[in-house]
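In: with the input below, show me the fold.
(one chain, ligands or ions: 1)
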Amino acid sequence: MLNFAIVGCGRIAKRHSELFGSNQIGGANLVAVCDIILERAKAMGERFKVPYYTDMNRMMIGENVDVVSILTPSGFHSRHIVELAKFKKNIIVEKPLAINLEQADAAIKACEENGVRLFVVKQNRFNVPIIKLREAVKKNRFGKLVLGTIRVRWCRTQDYYDQDAWRGTWAYDGGVITNQASHHIDLLEWMMGEVESVFAKSIRALVDIETEDTVVATIKFKNGALGTLEATTATRPKDLEGSISILGEKATVEVGGFAVNEMKIWNFLNEEEGDDEVLNKYSVNPPNVYGFGHKAYYEHVVDCIINNKPQLVDGYEGRKSIELISAFYESIETGKEIFLKDFKPVKCKLGMLNLK
Ligand SMILES: NC(=O)c1ccc[n+]([C@@H]2O[C@H](COP(=O)([O-])OP(=O)(O)OC[C@H]3O[C@@H](n4cnc5c(N)ncnc54)[C@H](O)[C@@H]3O)[C@@H](O)[C@H]2O)c1
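Out: Residues are numbered from 1 along each chain as shown. Below is the predicted model of the structure:
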């Protein structure tokens, strides 16, 4: 049995703690929780009958922890990884790994120096239709890749951004591409391969925040294919779509629904046995935009640790989408196409304080 602890008892921690609290993850046990806001730590600790703390260092010293999950605001991830790495326990961090490349590198370095395994949560990679799509990509069933598209059309009103001071800030959150669409950006690169260059435009359409709520971008992949991104939290009155479509010379696949959860299109030039059942068999209907992936994700973490297998998303894999996101912002700020080779952000504001 692996002993898990949680740092940050906010919104997403409810999802994480429910999985442990109701024994949904075999081989995993919740042993302690921590939040700097006492009431949040207390409520979660009492609900799951585990000790609660307001100081993560005291929790790590006082409890027998094998894996610590960092579920704090994005801009704190790196410094919390660095702080916790010294305890030499496995670390899980919610997406994004860090808010910018400098912070991502500091987190990766701290883990390497302390021999810590770092797991970045990308639960959408574990969605049933996404696994099926990835399998087809790996088997080269698309032939030459032509076009990859992601669309995120979600609804986040001013009330959402106002509920916590960190939301919609450059220092701690970023905008729609850093927060909501980072999952889809990760999926697009996972399916289409490495990126050569990007060009992006953003607006802050319907809310008063530092960052953007709407972005469009074009992507050129190293393999010659093109990609497009359309991401907004200014969809009204409700969440509409979180989707990815991949077009190749021999196939078209689209995974849609509101959380990349429905296999919408599965068209292949060369059909294989079972293809006619894919649309029905590979769709799920999750209760919220987080999807079902967190359960599969934690099962993956337990499997990796117990059986000493490599994790799907380590620090370097988590860093890739931060690099791409930083390049989108660099393009937005400069009005130029940004090439990923030797890319170093200069104008990208991610991680910077009070820039409104
Ligand atoms: N994978 C997903 O689909 C998904 C969904 C939602 C959020 N997230 C990510 O999870 C993270 C948290 O998001 P949220 O919506 O739960 O935020 P939140 O503000 O609701 O919760 C964060 C909590 O961390 C606590 N905290 C801050 N500093 C702390 C410290 N030093 N020690 C202990 N606790 C501390 C805060 O008090 C707060 O309760 C973000 O990085 C976000 O991007 C991921």
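
In: which bits of this protein sit near the ligand?
Out: Residues of the chain lying close to the ligand by C-beta under 6 Å from any ligand atom are 7-13, 34-37, 40, 56, 71-74, 76, 94-95, 121, 123, 164, 179, 290. Backbone N, C-alpha and C define where each C-beta goes, glycine included.

In: just the ones in strands from those, please.
Out: Among the residues of the chain next to the ligand, the members falling in strands (DSSP state E) are 7, 34.

In: how about the strands in the stretch 201-350 of the chain?
Out: 214-221, 226-232, 241-248, 251-256, 262-268, 338-339 (DSSP state E, counting those that start in this stretch).

In: pLDDT on the fourth one, on average?
Out: Summarised as a single mean, pLDDT over strand 251-256 is 97.

In: before we move on, what about the second one?
Out: The average of the pLDDT scores along strand 226-232 is 98.

In: buried sites along it?
Out: 227, 229, 230, 231, 232 (16 or more other C-beta atoms under 10 Å).

In: from residue 176, how far out is the third one?
Out: Distance of residue 230 to residue 176, computed by C-beta to C-beta, to the nearest Å: 10 Å.

In: same thing with the first one?
Out: Applying C-beta to C-beta, one obtains 17 Å for the distance of residue 227 from residue 176.

In: do the fourth one as well
Out: From residue 231 over to residue 176 the distance is 5 Å, taken as C-beta to C-beta.

In: joint contacts of these two?
Out: 152, 214, 215 (C-beta atoms under 8 Å, 6 or more residues apart in numbering).

In: can I get the residues you listed in CSV with pLDDT, distance to residue 195 and neighbour count?
Out: Output for the shared contacts of residue 231 and residue 176, formatted as CSV (pLDDT from 0 to 100; distance: C-beta to C-beta, whole Å; neighbours: other C-beta atoms under 10 Å):
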residue, pLDDT, distance to residue 195, neighbour count
152, 98, 18, 29
214, 98, 21, 21
215, 98, 15, 24
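
In: sorry, back to before: farthest-apart pair in the buried residues of strand 226-232, please.
Out: Greatest spatial distance among those (C-beta to C-beta): 227 and 232, at 17.1 Å.

In: residue 339 is in contact with residue 195, isn't it?
Out: No. Under the criterion of C-beta atoms under 8 Å, residue 339 is not in contact with residue 195, lying 9.3 Å apart.

In: more neighbours, those two?
Out: Taking other C-beta atoms under 10 Å, residue 339 and residue 195 do not tie; residue 195 has more neighbours (23 against 13).

In: so what pLDDT did the residue nearest to that one when sequence neighbours are not counted get?
Out: Distances taken as C-beta to C-beta, 6 or more residues apart in numbering place residue 340 nearest to residue 195, at 5.3 Å, with adjacent residues excluded. Here, the pLDDT recorded for residue 340 equals 98.

In: distance of residue 340 from residue 330?
Out: 10 Å.

In: between these two, which has more neighbouring residues?
Out: residue 330 (22 against 18).

In: you'd agree the more buried one is up against residue 349?
Out: No. Using C-beta under 8 Å, residue 330 makes no contact with residue 349, being 9.8 Å away.

In: got a list of what residue 71 touches?
Out: 6, 7, 8, 9, 10, 12, 13, 16, 94.

In: tell me the most packed of those, by neighbour count.
Out: Ranking the contacts of residue 71 using other C-beta under 10 Å puts residue 6 first, with 29 neighbours.

In: beta partners for that one?
Out: For residue 6, the beta-bridge partners are residue 33, residue 69 (DSSP bridges).

In: repeat that for residue 338.
Out: Following DSSP bridges, residue 338 is listed with bridge partners residue 198.

In: from residue 198, how far out is it?
Out: 5 Å.

In: so what's the residue count around the residue in the stretch 101-250 of the chain that the ligand sits nearest to?
Out: With C-beta to the nearest ligand atom as the measure, residue 164 is the residue of the stretch 101-250 of the chain nearest to the ligand, at 4.4 Å. By the criterion of other C-beta under 10 Å, residue 164 has 14 neighbours.

In: can you check residue 121 too?
Out: Counted with other C-beta under 10 Å, residue 121 comes out at 25.

In: so which residues of the protein form helices?
Out: Along the chain, counting by DSSP state H, helices occupy 11-21, 38-48, 56-62, 77-85, 101-113, 128-138, 158-162, 182-192, 278-281, 293-306, 315-334.

In: which of those helices sits most buried?
Out: Each of the helices of the chain was assessed for mean neighbour count using mean count of other C-beta atoms under 10 Å. The highest is helix 182-192, with a mean of 25.

In: between that one and strand 241-248, how many degrees?
Out: Orientation of helix 182-192 against strand 241-248 (axes from the mean of the first three to the mean of the last three C-alpha atoms, to 10 degrees) gives an angle of 10 degrees.

In: what's near enough to touch the residue in the chain positioned nearest to the ligand?
Out: Proximity of the chain to the ligand (C-beta to the nearest ligand atom) peaks at residue 10, 1.8 Å away. For residue 10, the contacting residues are 35, 40, 71, 72, 164, by C-beta under 8 Å, 6+ apart.
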